[in-house]
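[1] My questions are about this predicted structure, shown below with the sequence.
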Amino acid sequence: MPVLKRTTSKATLTFVTGLALLISACSAKTVEDRPTAPKPTATTTTTTTTVKPPTPPGGLVPDIDNPVAACPTPVNARPEYMRRLTNDEYLRSATDLLGLAPADLAGVNLVIEGYGNDIAGLPITNVHFERYDITAANLAELSLGTPERRAALVNCELAQSEACLTQFIETVGKRAFRRPLSADRVSELLTVARATQAEPDPYAGAKLALEAILVSPRFLYRVESKQPEVPLAQPAGTKPAPSGARAVDGYEMATRLSYFLWGTTPDSALLAAAEAGQLSTPAGLETAARGMLTDPRATAGVSEFITGWLHLYDVDTVPRSATTYPEFTNELRTSMRGETERFVNDFAWAPDQQSLFGMLTAQYGYADANLTALYGIPPAAPALSRVDFQPSEPRGGLFTQAAMLTLPIVGGEITAPILRGKFIRTQFLCTPPPPPPGNIPAIPTDPTLTIRERLTRHAANPPCSGCHQLLDPVGLGLEQYDLIGRYRTTGTMGEVLTGEGKVVDGDRYTAFKGAKELGQIIASSSDTASCVVNHLFSYAYGQDASGSDSCSLTNATSAFQKGGYNFQNLLLSLVKGEEFRIVSTQDVVTP
């Protein structure tokens, strides 16, 4: 995409500044004010019971004999919020809104920022706005630059009448703002367009109006408000919201659904369903959501969650010594990430009643020439293709894949068990360690000790023991894989690597040997199911779950279990949950 040489339009800035002030005036409470969920604390563990790991077939269903009871108390109504779109959401929204191809936005230069959709990590600065402004100018020029492009957005001739321009503003504005524009808002955009009357380009007015739409906070942010410009009445028979809450209106629901399941702006059909009152009941929501999950856009939405949950973006940037690991090229990074994305999606999109947790024990993966060389297996096709593993092989299940073994580690061999253990406990069990105290002694550097011996001595220090007795035994069970996931049987000092580890839980532990047995243990843990629910819940709302969300999380975990730990069933259960349909009237959350 070419970069236009331009300055920020005065008309556009005036329009956006007015909107920003209007919306910010509604914001009464910031995200920092919201209580966070209590975090488990690590304590020194006394091992009293050794439990052999289970050996079930792939597709294991965890703890099915111990059902999770639904919470009997009312769910928590989360506050209204304004959350800026992530870069990926912005790009997909612009693509869908303007009928462009992803390649058309390949040159977009947005502010590079951390991954994730947490509202606290999505502020806006002058640099953000400058990039949005330039991008909006490029997109307006591209979208309205040819007769074919213009015809895709409006069915009249923009250069011939103000009536056509009005139709264009109303049509594109409705999809961009995710609800109809008020008469005053249309009038303001027409005023912006008229400022270009002296320019030779007959489409300059439409282009500037589109720029103003694309830099408006109502496009850049997801806005929920108890006093929208164009109210939408709840249909008759809608269940009343509990005290201190209101039902989200149809347009807000369309936005929640679309960004949760598709990662992009609602299309015209979803907005029409909202207007018709079809998104105001659990049954209507389920019907809409089931249809949305069959749409190709759902693949992008679910992949967004998977990438964030598993931190797959770290594969692209994690450092390794080119001298020690010359094969760790950008091409290998791409193959690693591609294998895990494709593999996890197999289980995320598995048919009804098939468990997501089959990914932890399944005896296959995907490999291309880069990965077969790393894995030491016969060459595969040039592109990623399925490879089945034998039970005797060291591959099989998510924790044996190169991406999972590589991405957590920043540092050398001595930190690998710690960081791998932390990653698994945080992302799969939701038991992260507390911040380290300030008096931590250094890990021993005695060159005569193996890494396992050095970490064992380190964990014996009282300031270190609480965390390291939880983290190190998990990570040491993965010691048979080096820092890029290559299998090995001897360590850096020539010692035999056994892969012996354990998962500690209070005063009990489960012993295991190697990554495959670890996968079986994590798959069979009830903590894993509730942890996945917690991650997805936080993704759905763009905020970490808080203590007041405990009933919502319990209900979702119960539904997840009853649905055979099928991921699509979990998506539907969150959509059908009461907390998805209501919002607090007490405060607003902003970054």
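    Cool, got the structure.

[2] Sketch out the strands for the protein, chain order is fine.
    29-30, 50-51, 79-84, 221-223, 245-247, 364-367, 385-388, 500-505, 508-513, 582-590 (DSSP state E).

[3] Of all the ones you listed, which one is nearest residue 491?
    Closest to residue 491 of these is strand 500-505 (Cβ to Cβ; 12.9 Å). Yep, even glycine has a C-beta here, placed from its N, CA and C like the rest.

[4] where exactly do the helices run in the stretch 51-200 of the chain?
    Taking DSSP state H, counting those that start in this stretch as the criterion, the stretch 51-200 of the chain carries its helices at 87-98, 126-143, 147-153, 162-177, 183-194.

[5] same question, the stretch 251-400 of the chain
    So, for the stretch 251-400 of the chain - with DSSP H, counting those that start in this stretch - the helices run 268-275, 282-293, 297-310, 330-348, 369-375.

[6] now these as a markdown table including mean pLDDT?
    Formatted as a markdown table, the helices of the stretch 251-400 of the chain follow (pLDDT from 0 to 100):
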| stretch | mean pLDDT |
| --- | --- |
| helix 268-275 | 96 |
| helix 282-293 | 93 |
| helix 297-310 | 94 |
| helix 330-348 | 97 |
| helix 369-375 | 96 |
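
[7] any chance of those helices in a markdown table, with mean neighbour count and distance to residue 226 too?
    Putting the helices of the stretch 251-400 of the chain into a markdown table (neighbours: other Cβ atoms under 10 Å; distance: least, Cβ to Cβ, whole Å) gives the following:
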| stretch | mean neighbour count | distance to residue 226 |
| --- | --- | --- |
| helix 268-275 | 18 | 17 |
| helix 282-293 | 17 | 21 |
| helix 297-310 | 20 | 27 |
| helix 330-348 | 19 | 35 |
| helix 369-375 | 20 | 52 |
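
[8] I'd like those as JSON lines, with distance to residue 489 appended.
    Compiled in JSON lines, those are given as follows (distance: least, Cβ to Cβ, whole Å):
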{"stretch": "helix 268-275", "distance to residue 489": "54"}
{"stretch": "helix 282-293", "distance to residue 489": "44"}
{"stretch": "helix 297-310", "distance to residue 489": "27"}
{"stretch": "helix 330-348", "distance to residue 489": "22"}
{"stretch": "helix 369-375", "distance to residue 489": "15"}
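
[9] coming back round to it: Serialize the strands of the chain to a markdown table and add fields for mean neighbour count, distance to residue 445 and mean pLDDT.
    Shown next, in a markdown table, are the strands of the chain (neighbours: other Cβ atoms under 10 Å; distance: least, Cβ to Cβ, whole Å; pLDDT from 0 to 100):
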| stretch | mean neighbour count | distance to residue 445 | mean pLDDT |
| --- | --- | --- | --- |
| strand 29-30 | 15 | 45 | 39 |
| strand 50-51 | 12 | 32 | 38 |
| strand 79-84 | 23 | 46 | 86 |
| strand 221-223 | 21 | 50 | 93 |
| strand 245-247 | 19 | 57 | 90 |
| strand 364-367 | 22 | 37 | 97 |
| strand 385-388 | 14 | 40 | 96 |
| strand 500-505 | 21 | 23 | 95 |
| strand 508-513 | 19 | 28 | 95 |
| strand 582-590 | 20 | 47 | 77 |
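
[10] I'd like those written out as TSV, with distance to residue 440 added.
    Shown next, in TSV, are the strands of the chain (distance: least, Cβ to Cβ, whole Å):
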stretch	distance to residue 440
strand 29-30	33
strand 50-51	29
strand 79-84	36
strand 221-223	41
strand 245-247	45
strand 364-367	37
strand 385-388	42
strand 500-505	19
strand 508-513	23
strand 582-590	35
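
[11] Of the ones you listed, which is nearest residue 265?
    strand 221-223 (9.6 Å).

[12] quick revisit: please identify the most buried of the helices of the stretch 51-200 of the chain.
    Each of the helices of the stretch 51-200 of the chain was scored by mean neighbour count; the highest is helix 87-98, a mean of 20, by mean count of other Cβ atoms under 10 Å.

[13] Domain parsing of this structure, as residue ranges.
    10-31+83-223, 307-523 (automatic domain parsing).

[14] Residue 71: which of those is closest?
    Taking the domains of the chain one by one with Cβ to Cβ, domain 307-523 is closest: 17.6 Å.

[15] Distance from the chain centre to the closest one, please.
    21 Å (Cα atoms, centre = their mean, to the nearest Å).

[16] Between the two ends of it, what distance do you get?
    With Cα to Cα, to the nearest Å as the measure, domain 307-523 spans 19 Å from end to end.

[17] Please tell me how far the nearest residue to residue 162 once chain neighbours are set aside sits from residue 215.
    Spatially, and ignoring its direct neighbours in sequence, residue 162 is nearest to residue 190 (7.1 Å; Cβ to Cβ, 6 or more residues apart in numbering). Distance of residue 190 to residue 215, computed by Cβ to Cβ, to the nearest Å: 17 Å.

[18] Against residue 145, how distant is the residue nearest to residue 209 when sequence neighbours are not counted?
    Nearest residue to residue 209 in three dimensions, chain neighbours excluded: residue 193, at 4.3 Å (Cβ to Cβ, 6+ apart). To residue 145, residue 193 is 17 Å away according to Cβ to Cβ.

[19] Residue 236 now?
    47 Å.

[20] what about those two, which has more around it?
    The neighbour comparison of residue 236 against residue 145 (other Cβ atoms under 10 Å) goes to residue 145, with 13 against 7.

[21] ok, the more buried one to residue 173 distance?
    Separation of residue 145 from residue 173 (Cβ to Cβ): 20 Å.

[22] still on that earlier bit, can you redo the helices of the stretch 51-200 of the chain as TSV with distance to residue 330?
    Output for those, formatted as TSV (distance: least, Cβ to Cβ, whole Å):
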stretch	distance to residue 330
helix 87-98	20
helix 126-143	25
helix 147-153	34
helix 162-177	36
helix 183-194	44
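
[23] And the ones you listed: which comes nearest residue 395?
    helix 87-98 (30.7 Å).

[24] average model confidence for stretch 152-161?
    What stretch 152-161 shows for mean pLDDT is 93.

[25] in that stretch, what's buried?
    153-154, 158 (16 or more other Cβ atoms under 10 Å).

[26] Could you do stretch 387-400 as well?
    Applying 16+ other Cβ under 10 Å to stretch 387-400 flags 387, 389, 393-400 as buried.

[27] Stretch 482-499 now?
    482-487, 491, 497, 499.

[28] List the contacts of the residue nearest the centre of the chain.
    Taking Cα atoms, centre = their mean, the centroid of the chain lies closest to residue 305, which sits 3.0 Å from it. Contact partners of residue 305, counting by Cβ atoms under 8 Å, 6 or more residues apart in numbering, are 535-536, 539.

[29] Could you do residue 364 as well?
    Taking Cβ under 8 Å, 6+ apart as the test, what residue 364 contacts is 386-389, 396.

[30] at 6 Å instead, please
    Residue 364 makes contact with 386, 388, according to Cβ atoms under 6 Å, 6 or more residues apart in numbering.

[31] distance of residue 430 from residue 529?
    Counting by Cβ to Cβ - residue 430 and residue 529 are separated by 10 Å.

[32] Likewise for residue 204?
    Distance from residue 204 to residue 529, by Cβ to Cβ: 56 Å.

[33] neighbour-wise, which of those two wins?
    residue 529 (24 against 18).

[34] Tell me which of the helices of the stretch 51-200 of the chain lies nearest to residue 210.
    helix 126-143 (4.2 Å).

[35] Now do the nearest residue to residue 446 once chain neighbours are set aside, the pLDDT please.
    Among residues not flanking residue 446 along the chain, residue 454 sits closest, at 6.9 Å (Cβ to Cβ, 6+ apart). Per-residue pLDDT puts residue 454 at 95.

[36] Residue 454 and residue 444 touch, don't they?
    Yes. Using Cβ atoms under 6 Å, residue 454 is in contact with residue 444, at 4.8 Å.

[37] which residues sit in contact with residue 481?
    With Cβ under 6 Å, 6+ apart, residue 481 has these contacts: 405, 487.

[38] mind checking how far it is from residue 299?
    Taking Cβ to Cβ, one finds residue 481 at 29 Å from residue 299.
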